[in-house]
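Trainee: Structure for the following, please:
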Amino acid sequence: MTLRVERDGASGVAVVTLDREHRHNAVDLETAAELSQVWRDFRFAEDVRAVVLTGAGTAAFCTGIDRAVDVPQPGSPYSADDPLLSIGPKSGDLWKPVIAAVNGMACGGAFYLLGEAEFIISSTSATYFDPHTSYGMVSAYEAVYMAQRMPFGEAARMSLMGTAERLSAQRAYDIGLVSELTGPGDLLPAALRAARTLAGFPTEAVQGTVRALWAAKQAALQQALAQAPALIALGNLAPERQADLFAGRRRAPEPRVR
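Mentor: Next up, the predicted model:
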């Protein structure tokens, strides 16, 4: 198992922890399948009325897809297999509120998760960045999700600047990506406090409100996401060239944190 799922039936809160600390909580195929399944299961769990999503350890919340994973692709520019498409709660048709508790790095494919959370509580030690362009890859799904949650100029800068810059937790809070900042030791208690409040309200009203909030943005989101596969097929470098750029990341200058 690559997830830890802890339920507190008394409060109605479940904590889902990405449990691959040795890989900076990167998502492999097993993790992707487990995430997809847990959101589907929570739809039927009457003892789960709100969820906290976090990552093990303090170094990273999630660093996207594990680059050690080999995902076979169909030999056609018109179709692609992306194992991250089903890892978010909304893709699993879960409309119970999910609060993301971010510690350490959140980058790349982490935005599939953050993009489908209701709101984000962040440790002051967290940083946010999108490495795609540095490695010859199109940031498509990630950029779309972040453009829905951040001012356009901030989303554009983060998506385009790759590994050269990281968004500090304070800056993420200032621009509205993050709703609350805490010290590293206070992160989970703060997220649990909010989740317990939501779980204490009538669940039909909470889920209806979640659904209404997403209805306000979902049409534009789905239209934008529909363009992503073609943009990736057109703009990505060949996998071996991506691997060369990724292997050279250790020689790159230290990123600027703003």
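
Trainee: Against which helices or strands is the one helix or strand residue 37 maps to packed?
Mentor: According to DSSP states H and E, residue 37 maps onto helix 29-42. Applying 3 or more C-beta pairs under 8 Å, 6 or more residues apart in numbering; DSSP states H and E, one finds that helix 29-42 contacts strand 3-8, strand 13-18. The way it works is simple: take the backbone N, C-alpha and C, and place the C-beta from them, glycine included.

Trainee: And residue 198, how far from residue 209?
Mentor: 10 Å (C-beta to C-beta, to the nearest Å).

Trainee: which one of the two has more residues nearby?
Mentor: More neighbours surround residue 198 than the other of residue 198 and residue 209, with 21 against 15 (other C-beta atoms under 10 Å).

Trainee: Name all residues that make contact with the more buried one.
Mentor: Residue 198 makes contact with 49, 50, 97, 99, 206, according to C-beta atoms under 8 Å, 6 or more residues apart in numbering.

Trainee: which one of those residues is nearest residue 250?
Mentor: Nearest to residue 250 among those: residue 99, at 34.4 Å, using C-beta to C-beta.

Trainee: Surely the closest one is in contact with residue 191?
Mentor: Yes. The pair residue 99 / residue 191 is scored as a contact, 5.1 Å apart, by C-beta atoms under 8 Å.

Trainee: rewinding a little: specify the angle between the helix or strand following the helix holding residue 37 and helix 29-42 in degrees.
Mentor: Counting by DSSP H and E, the next helix or strand C-terminal to helix 29-42 is strand 50-55. Going by axes from the mean of the first three to the mean of the last three C-alpha atoms, to 10 degrees, strand 50-55 is angled at 170 degrees with respect to helix 29-42.

Trainee: Now do whatever helix or strand comes next after strand 50-55: distance to the chain's middle.
Mentor: Downstream of strand 50-55, the next assigned helix or strand under DSSP H and E is strand 60-62. Relative to the centre of its chain, strand 60-62 is centred 9 Å away, using C-alpha atoms, centre = their mean, to the nearest Å.

Trainee: Over to stretch 135-144?
Mentor: Distance, centroid of stretch 135-144 to centroid of chain: 14 Å (C-alpha atoms, centre = their mean).

Trainee: quick revisit: now neighbour count too, for the contacts of residue 198, in a markdown table please.
Mentor: What follows is the contacts of residue 198, written out as a markdown table (neighbours: other C-beta atoms under 10 Å):
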| residue | neighbour count |
| --- | --- |
| 49 | 23 |
| 50 | 26 |
| 97 | 25 |
| 99 | 25 |
| 206 | 19 |
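
Trainee: In the stretch 51-200 of the chain, what residue spans correspond to helices?
Mentor: Here the stretch 51-200 of the chain has its helices, by DSSP state H, counting those that start in this stretch, at 110-114, 141-147, 152-161, 169-174, 187-200.

Trainee: just to revisit the earlier point, identify the contacts common to residue 99 and residue 191.
Mentor: Here residue 99 and residue 191 share the contacting residues 52, 121, scored by C-beta under 8 Å, 6+ apart.

Trainee: Which of the residues in the helix holding residue 37 are classified as buried?
Mentor: Residues of helix 29-42 classed as buried by neighbour count (16 or more other C-beta atoms under 10 Å): 31, 32, 33, 34, 35, 36, 38, 39, 42.
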